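>>> Give me a model of this one.
(one chain, ligands or ions: 1)
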Amino acid sequence: MEKLNVPPENHVKVLGGQGWVGLIDHMGTETTFVNAARVSFGKLKKEMDERDIQLTEYLIANKHTSPLEHMVFTFSIHCPLFVRGQWHRHRTWSYNEISRRYTDFDIEFYTPPKLRRQAKSNRQASFADENFEDEALRKEIEKHHAESFKLYERLLENGVCREQARGVLPQNMMVTFWGTVDLSNLLHFLELRDSEHAQWEIREYAVAIKKLIKPLIPNVAEYFRKQGQDW
Ligand SMILES: Cc1cc2nc3c(=O)[nH]c(=O)nc-3n(C[C@H](O)[C@H](O)[C@H](O)COP(=O)(O)OP(=O)(O)OC[C@H]3O[C@@H](n4cnc5c(N)ncnc54)[C@H](O)[C@@H]3O)c2cc1C
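Numbers count the residues shown, from 1 in each chain. Predicted structure coming up:
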């Protein structure tokens with residue numbers, strides 16, 4: 001059996017190489033949602049033509065979202081716990097995750113490649129400061145990870161169950177989960193998370209997902225590109 005917490009073949013690395021998102025599977029093509037939009041006419045097309053491209057643009061521009069729900073993607077995501085927390089707020093995805101109640105191996109922690117400063121005007125935001133001397137602080141973060149992990153191991157050695165011992169592992173712990181979502185709700189996720197309002201870490205994943213799905217939805221990507229978005 002293969003391990004789940006290694007990236008699938010089609011993946012993009014993020015967070016300075018510490019995280020990744022991979023495309024496990026997908027169902028449907030752009031023709032699928034174009035056909036779904038025209039289902040009421042009882043006709044089926046095999047390939048996209050110019051009118052289908054116009055229809056695609058119409059569906060997105062007018063938030064005629066239900067045809068887009070006929071295309072579905074499954075991703076494998078390797079990210080810090082705090083990114084998983086933000087991700088799982090998106091209720092229209094289906095999730096399954098490696099459980100620390102069952103496993104106590106392959107535990108790893110995210111150390112930010114660069115620390116950012118707290119924004120003054122917006123309590124949710126941060127900003128990059130090239131002059132931030134963060135090397136010593138990053139080392140302290142790594143030391144904290146190692147000490148937390150030692151305590152975790154000591155608890156296990158002393159017979160504490162995994163489901164309680166895991167409570168001492170920091171938010172920077174990496175987790176791996178699968179997420180499945182339809183195209184309509186994926187576009188909603190990307191709008192919210194590839195945004196300057198989103199935290200840099202989850203934004204990295206949103207940008208990576210765009211790279212993974214662009215070859216599958218070239219006309220959707222082109223629509224957003226024409227709207228001035230990065231795709
Ligand atoms: C920049 C940013 C900052 C955030 N800050 C905070 C914060 O400080 N605190 C916090 O708690 N959350 C925060 N969130 C999370 C946010 O409130 C949403 O929970 C998250 O973005 C998921 O969005 P969603 O509900 O639209 O997505 P989904 O859950 O995927 O839902 C998609 C759409 O389906 C519909 N829908 C889904 N479920 C229901 C329902 N039960 N009833 C009616 N309609 C539904 C809605 O139209 C919804 O927009 C933040 C999100 C972002 C992007």
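
>>> List, one by one, the residues from this structure near the ligand.
By Cβ under 6 Å from any ligand atom, the residues of the chain that approach the ligand are 89, 90, 91, 92, 185, 188, 192, 197, 198. Quick note: C-beta positions are derived from backbone N, CA and C, even for glycine.

>>> Mind checking which of those land in helices?
Helix and strand membership here follows DSSP state H; of the residues of the chain next to the ligand, those in helices are 185, 188, 192.

>>> Pull out the buried members of the residues you listed.
Restricting those to buried positions leaves 185, 192, with burial counted as 16 or more other Cβ atoms under 10 Å.

>>> Let me know the closest of the ones in helices among the residues of the chain next to the ligand to the ligand.
If you rank those by distance to the ligand using Cβ to the nearest ligand atom, residue 192 comes first, at 3.9 Å.

>>> show me the contacts for that closest one.
Going by Cβ atoms under 8 Å, 6 or more residues apart in numbering, residue 192 touches residue 198.

>>> Same check on residue 38?
For residue 38, the contacting residues are 45, 55, by Cβ under 8 Å, 6+ apart.

>>> What pLDDT does the model give it?
In this prediction, residue 38 carries a pLDDT score of 90.

>>> With residue 5 instead?
Listed pLDDT for residue 5 reads 77.

>>> Scan this protein for its longest helix.
Counting residues, the longest helix in the chain under DSSP H turns out to be helix 135-157.

>>> and it, what does it pack onto?
When contacts are defined as 3 or more Cβ pairs under 8 Å, 6 or more residues apart in numbering; DSSP states H and E, helix 135-157 packs onto helix 162-165.

>>> mind listing what's buried in the helix it packs on?
Buried residues in helix 162-165, defined by neighbour count with 16+ other Cβ under 10 Å: residue 165.

>>> what helices or strands is that helix leaning on?
Here helix 162-165 is seen to pack against helix 135-157 when contacts are counted using 3+ Cβ pairs under 8 Å, 6+ apart.

>>> helix or strand for the spatially most central residue of the chain, which one?
Of all residues in the chain, the one closest to the mean position by Cα atoms, centre = their mean is residue 205, 4.4 Å from it. Secondary-structure element containing residue 205, defined by DSSP states H and E: helix 200-213.

>>> need the next SSE after that helix, C-terminal direction.
For helix 200-213, the following helix or strand on the C-terminal side (DSSP H and E) is helix 218-226.

>>> Export only the CA atoms of that following helix, formatted as PDB.
What follows is the C-alpha trace of helix 218-226 in PDB, where atoms were taken according to Å, rounded to 0.1, in the frame of the first residue of the first chain:
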ATOM      1  CA  PRO A 218      -9.000  26.700 -20.000                       C
ATOM      2  CA  ASN A 219     -12.000  28.800 -21.000                       C
ATOM      3  CA  VAL A 220     -13.000  29.500 -17.400                       C
ATOM      4  CA  ALA A 221      -9.500  30.500 -16.700                       C
ATOM      5  CA  GLU A 222      -9.500  32.800 -19.700                       C
ATOM      6  CA  TYR A 223     -12.700  34.400 -18.600                       C
ATOM      7  CA  PHE A 224     -11.200  35.300 -15.200                       C
ATOM      8  CA  ARG A 225      -8.000  36.400 -16.900                       C
ATOM      9  CA  LYS A 226     -10.000  38.800 -19.100                       C
END
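
>>> That'll do, ta.
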